[in-house]
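>>> What follows is a protein structure lacking sequence information:
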């Protein structure tokens, strides 16, 4: 067994003696890299963000910003990360390091006050700075909006970073002022080389272990022997359990770099998405081919979370307020469950059995999500939450309708946040199918939709509000479709 090691700012170092549950954040701070901060320990503030060299979508390597407070440092075995301290380049002997262009713009434009959040902003901003394809639009004035700069900078890259004292205008100004990487930029050149290959990891300290096998078959054999093991991919949910609830596991099995779980296939009759592809990877590889997913992704947490989170993890947790299940239900998706004895395919509508419970058996994992083709022609995802972005849903509704000559030939509606599990709105679907797409039909179906599930009252919304939003969501869809036809 090769000792677990990690490359930080160009220097390789052992992971030991860190415990298997130790986060990358704590590991870095213990090594004196204190620019990486803990603000929330839940992946909500971004003060902990660092850059990781990951397989690229358009180049061999992408620099991806992730929450160091969530990912176990053992999960970074064999990988390469850069912290805010590593962005600067060495100056001449006897002179201080030269600031990175992102750091320089943050400094000259007053993007920092107390400075606590600044290193996290800098790392997230650097990931966008190095994003392949970022360039100034041909018409800078037309391309410049409140959320997209004249330099092609997408401000949503900073959606997972919070600042309490500076205010966001100077930070935005810094983001919109950075240029393009120069030719001899070492991190830009690094994108042209392959990322570190997946490392087989068997990291044990005391009675706890973190394991990553080379192949899916090896992983399934291990899982058969250790059905009590905790499975992790992006660790965006498990990391919170470790930090906030002090959950510890005797054995953690990593799935994030298994090649068999990282494939995306588009066939004549279906789309298959590997369970360990991150949401960012799916979004960029599909590039809008599935409009309903394209509408979901910007509303799913923040870019920092999407850089690590997976569909397999979102379904595996079984949360009734996850954002992907309503969309996948509307798309009539199924999950491919694998164990050491083979595979089986289960319609997502039959997958959830109770609160955070599913048909997945001990020893099984989610290998892929399958979406049948062709896709419905009218789709929409309505997320009702207190914030426009980066918030937990009070209610989530996904629609997929086939309209032909003004008749609803097929209707699929997925709901989240109104029952112990994500559900299909079967009565409302039946009330729409075979009828004219008219105000009368929609209003009748909206009443049925309002009665769906068993919504509860909590700090996010009352039961009555949740029910009302279901009906209003269908009325909104009707208004949007009729306006589109009229225009």
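Yep, it's here. These figures come from a predicted structure and were not determined experimentally.
>>> Every contact and neighbour count from this point should use C-alpha atoms.
Will do.
>>> since we're on the residue nearest to residue 269 when sequence neighbours are not counted, how many residues are nearby?
Of all residues not flanking residue 269 in the chain, residue 373 sits nearest, at 4.7 Å (C-alpha to C-alpha, 6 or more residues apart in numbering). Using other C-alpha atoms under 10 Å, residue 373 is surrounded by 14 other residues.
>>> can you check the one 4 residues further on too?
Counted with other C-alpha under 10 Å, the neighbours of residue 377 add up to 12.
>>> Kindly report the same for the one 5 residues further on.
Residues within reach of residue 382, counting by other C-alpha under 10 Å, total 23.
>>> Now name the helix or strand holding it.
Assigned by DSSP states H and E, residue 382 belongs to strand 378-384.
>>> If we go by neighbour counts, what in that strand is buried?
By neighbour count on 16 or more other C-alpha atoms under 10 Å, the buried set for strand 378-384 is 379, 380, 381, 382, 383, 384.
>>> quick one, what contacts the last one?
I take that to be residue 384. Counting by C-alpha atoms under 8 Å, 6 or more residues apart in numbering, residue 384 touches 393, 394, 395, 396, 469.
>>> try 7 Å this time
When contacts are counted by C-alpha atoms under 7 Å, 6 or more residues apart in numbering, residue 384 touches 393, 394, 395, 396.
>>> same thing with the third one?
In this structure, residue 381 makes contact with 292, 295, 296, 397, 398, 399, judged by C-alpha under 7 Å, 6+ apart.
>>> Specify the beta-bridge partners of it.
Note on residue 381: beta-bridge partners by DSSP bridges are residue 398.
>>> And the pLDDT at it?
In this model, residue 381 is scored at 98, pLDDT.
>>> about what we covered before: tell me the one of the buried residues of strand 378-384 nearest residue 50?
Nearest to residue 50 among these: residue 383, at 29.0 Å, using C-alpha to C-alpha.
>>> And what about the nearest residue to that closest one once chain neighbours are set aside, helix, strand or coil?
Nearest residue to residue 383 in three dimensions, chain neighbours excluded: residue 396, at 4.5 Å (C-alpha to C-alpha, 6+ apart). Recorded secondary structure, residue 396: strand (DSSP: H, G, I helix; E, B strand; the rest coil).
>>> close enough to count as contact, the residue nearest to residue 269 and residue 272?
No: contact criterion C-alpha atoms under 7 Å: residue 373 and residue 272 do not qualify, at 10.4 Å.
>>> Let's test this: mean pLDDT of the lengthiest helix in the chain, rounded?
Taking DSSP state H as the criterion, the chain has its longest helix at helix 463-486. The predicted model gives helix 463-486 an average pLDDT of 91.
>>> List the buried residues in it.
465-475, 477-478.
>>> ok, now stretch 87-104?
Neighbour count says stretch 87-104 has 87, 88, 99, 100, 101, 102, 103, 104 buried, by 16+ other C-alpha under 10 Å.
>>> swap in stretch 323-343?
323-340.
>>> Filter these down to the ones in strands?
334, 335, 336, 337, 338, 339 (DSSP state E).
>>> Contacts only, for the second one.
By C-alpha under 7 Å, 6+ apart, residue 335 lies in contact with 345, 346, 347, 348, 366, 368, 369, 370.
>>> how about the first one, phi and psi?
Spelled out, it's residue 345. In terms of degrees, to the nearest 10, the main-chain angles of residue 345 are phi -110, psi 130.
>>> Can we start the residue count at 230 from this point?
In the new count, where the first residue is 230, that last one comes out as residue 574.
>>> From residue 643, how far out is it?
For residue 574, the distance to residue 643 equals 19 Å [C-alpha to C-alpha, to the nearest Å].
>>> When those two are compared, which one has more neighbours?
A side-by-side neighbour count of residue 574 and residue 643, using other C-alpha under 10 Å, places residue 643 first with 26 against 16.
>>> in the sheet, who's paired with that one?
Here residue 643, judged by DSSP bridges, has bridge partners residue 627, residue 653.
>>> What ranges in the protein fall below the confidence cut-off?
230-231, 320, 367-372, 713-716 (pLDDT under 70).
>>> can you put the contacts of residue 610 in JSON lines and add neighbour count and distance to residue 444?
Listed next are those as JSON lines, based on neighbours: other C-alpha atoms under 10 Å; distance: C-alpha to C-alpha, whole Å:
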{"residue": "521", "neighbour count": "23", "distance to residue 444": "32"}
{"residue": "524", "neighbour count": "18", "distance to residue 444": "33"}
{"residue": "525", "neighbour count": "19", "distance to residue 444": "31"}
{"residue": "626", "neighbour count": "29", "distance to residue 444": "37"}
{"residue": "627", "neighbour count": "30", "distance to residue 444": "35"}
{"residue": "628", "neighbour count": "26", "distance to residue 444": "37"}
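>>> Now flag whichever of the residues you listed is closest to residue 451.
residue 525 (34.3 Å).
>>> Excluding covalently adjacent residues, which one is nearest to that closest one?
residue 610 (6.4 Å).
>>> Specify the angle between the longest helix of the chain and strand 607-613 in degrees.
150 degrees (axes from the mean of the first three to the mean of the last three C-alpha atoms, to 10 degrees).
>>> what sits up against helix 692-715?
By C-alpha under 7 Å, 6+ apart, helix 692-715 touches 611, 623, 624, 671, 675, 676, 678, 679, 680, 684, 685, 686.
>>> what about the strands in the stretch 530-679 of the chain?
563-568, 571-576, 581-583, 586-587, 594-601, 607-613, 624-633, 636-645, 652-653 (DSSP state E, counting those that start in this stretch).
>>> ok, and the closest non-adjacent residue to residue 384?
Here the residue nearest residue 384, using C-alpha to C-alpha, 6+ apart, is residue 376, at 5.1 Å.
>>> Just give the number of residues close to that neighbour.
14.
>>> what's the answer for residue 690, then?
17.
>>> quick one, what contacts it?
Here residue 690 is in contact with residue 623 (criterion: C-alpha under 7 Å, 6+ apart).
>>> roughly how far apart are it and residue 336?
Distance from residue 690 to residue 336, by C-alpha to C-alpha: 41 Å.
>>> What is the nearest of the contacts of residue 610 to residue 390?
The closest of these, once distances to residue 390 are taken by C-alpha to C-alpha, is residue 525, at 20.0 Å.
>>> Double-check that that closest one belongs to a helix.
Yes: if the criterion is three-state DSSP, then residue 525 is within a helix.
>>> Show me the residue at the heart of the protein, geometrically.
With the centre of the chain defined as its mean C-alpha position, the nearest residue by C-alpha atoms, centre = their mean is residue 535, 2.0 Å away.
>>> show me the contacts for that one.
Counting by C-alpha under 7 Å, 6+ apart, residue 535 has contacts 507, 508, 509.
>>> Which residue in the protein shows the largest distance from the geometric centre?
residue 323 (43.1 Å).
>>> Return the backbone torsion pair for it.
phi 90, psi 0.
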